[in-house]
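Undergrad: Fold the following for me, if possible:
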Amino acid sequence: MKRMVLGLSLTLTALGFLMSPAMAATNPPQVARALSAADQAFLASLAVPAKTPAPELAAKRPPIGQKGLCSATANCWNGGTVTCNGNNSTTSCTAVDGACGTEPGHVTCDGTTYTCPTPCPPPACDCFSFEDACAFSCNPCDYTFTCDDTTCVHHCHCIFRTCPQ
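TA: Sure thing, here's the model as predicted:
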């Protein structure tokens, strides 16, 4: 019984959908209503975008690969380098390679100088010169002399008993 009621209700629903287009075709077409002047003004206001301030442009990144109008690189005494970039002109960059004892190495860009980061090591110990000085100061006597090449600590001792009388 439940199946029969369900089948009958589905059949009636299908027939209702089939009759709607047929009934609609017999009715005369409806004419669109004319809009009032107020309605037309309202619709026109929707079409005009609201006045908004122009967006502020963000700062631009420099193009990739472009670092400045000039650049300078100096070789440091330890094999490293020091580099800078200049933006004032193409001639505002200079470089001087490092040489221990005379020049640590530096670059200058736009008036700012950058020096090699590691200072030159102290000059190597010259034990031969120290020994010559010891011999000269003890002359004509014999002497003993010690010198450490790494710390440059040296000691000179004149042996006065060997001096001529």
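
Undergrad: so where do the helices sit in the chain?
TA: 2-26, 37-47, 127-138 (DSSP state H).

Undergrad: which stretch in these has the least confidence?
TA: Note on the helices of the chain: lowest mean pLDDT is at helix 2-26, with a mean of 60.

Undergrad: mind listing what residue 137 touches?
TA: Residues in contact with residue 137 (Cβ atoms under 8 Å, 6 or more residues apart in numbering) are 156, 158. Any C-beta I mention is one placed from the backbone N, CA and C, and that applies to glycine too.

Undergrad: measure it to residue 130 for me?
TA: Taking Cβ to Cβ, to the nearest Å as the measure, residue 137 and residue 130 are separated by 11 Å.

Undergrad: Quickly list what's touching both of those two.
TA: Listed contacts common to residue 137 and residue 130 are residue 156; contacts here mean Cβ under 8 Å, 6+ apart.

Undergrad: Could you give the bridge partners of the spatially closest residue to residue 162 that is not a sequence neighbour?
TA: Spatial nearest neighbour of residue 162, excluding adjacent residues (Cβ to Cβ, 6 or more residues apart in numbering): residue 142 at 4.1 Å. Residue 142 has the following beta-bridge partners by DSSP bridges: residue 159.

Undergrad: With residue 146 instead?
TA: Note on residue 146: beta-bridge partners residue 155, judged by DSSP bridges.

Undergrad: Would you confirm that it contacts residue 155?
TA: Yes - counting by Cβ atoms under 8 Å, residue 155 is a contact partner of residue 146 at 4.9 Å.

Undergrad: what's the overlap in contacts for these two?
TA: By Cβ under 8 Å, 6+ apart, residue 146 and residue 155 have no common neighbours.

Undergrad: I'd like the mean pLDDT over stretch 87-102, please.
TA: 85.

Undergrad: How about the contacts made by residue 108?
TA: Applying Cβ under 8 Å, 6+ apart to residue 108 gives the contacts 72, 84, 93-95, 114.
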